[in-house]
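Q: what would the 3D arrangement of this be:
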Amino acid sequence: MSLVFLVHLAATLFMTGLIWFVQIVHYPLFAAVGGSAFSGYQQKHVRRTGWVVGPPMLVEAATATALLVQPAAALPFSWAGANAALLGVIWLSTWLGQVPQHDRLLSGFLAEPHRKLVSGNWIRTFAWSVRSLLLITSAAP
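A: Coordinates of the predicted model:
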């Protein structure tokens, strides 16, 4: 198995575990933070989360591209394409769906953007989960 594939798999598995935690625990708990404390909490959340998710997401993007350019033996080109397409869905969902809702929450807790944040995040949760299954399946002997 190539090093690029293994690094890609590791980054994807990390992000899959993280997104499930965010979906089931973290985002739903936003509603419990409290009105007066929420704006400061959200500002810190956005800043700190970027440091956690940014590097593995960039590693995923770089290694997914590398796997398209030079497919690994473990990952047929069609699977590499599906993997990259799902990663594109994740990035689009992040920038067009999640980021605007986080921005709306910077001024304080609002039920509608919070609901959209939680419900819209299922797109990323599903896409990362499918990608993990695809990559694990392709790595199996």
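Q: please make it C-alpha for all contacts and neighbour counts, starting now.
A: Noted.
Q: and residue 42, how close does it get to residue 105?
A: When distance is defined by Cα to Cα, to the nearest Å, residue 42 is 7 Å away from residue 105.
Q: same question but for residue 97, I mixed them up
A: 13 Å.
Q: look at these two and report which has more neighbours.
A: Just comparing residue 97 and residue 105: by other Cα atoms under 10 Å the higher neighbour count belongs to residue 105, 22 against 17.
Q: residue contacts, that one?
A: Taking Cα atoms under 8 Å, 6 or more residues apart in numbering as the definition of contact, the neighbours of residue 105 are 39, 42, 113, 114.
Q: possible to save the residues you listed as a markdown table with neighbour count, secondary structure and distance to residue 61?
A: Output for those, formatted as a markdown table (neighbours: other Cα atoms under 10 Å; DSSP: H, G, I helix; E, B strand; the rest coil; distance: Cα to Cα, whole Å):
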| residue | neighbour count | secondary structure | distance to residue 61 |
| --- | --- | --- | --- |
| 39 | 17 | helix | 31 |
| 42 | 21 | helix | 26 |
| 113 | 18 | helix | 27 |
| 114 | 20 | helix | 27 |
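Q: you'd agree residue 124 is up against residue 19?
A: Yes. Assessed by Cα atoms under 8 Å, residue 124 is found in contact with residue 19 at 7.5 Å.
Q: any idea which element residue 20 lies in?
A: With elements taken from DSSP states H and E, the one containing residue 20 is helix 3-21.
Q: buried ones in that helix?
A: For helix 3-21, a neighbour-count test (16 or more other Cα atoms under 10 Å) marks 4-16, 18-20 as buried.
Q: so how far is that helix from its chain's centroid?
A: Averaged C-alpha coordinates place helix 3-21 at 10 Å from its chain's average position (Cα atoms, centre = their mean, to the nearest Å).
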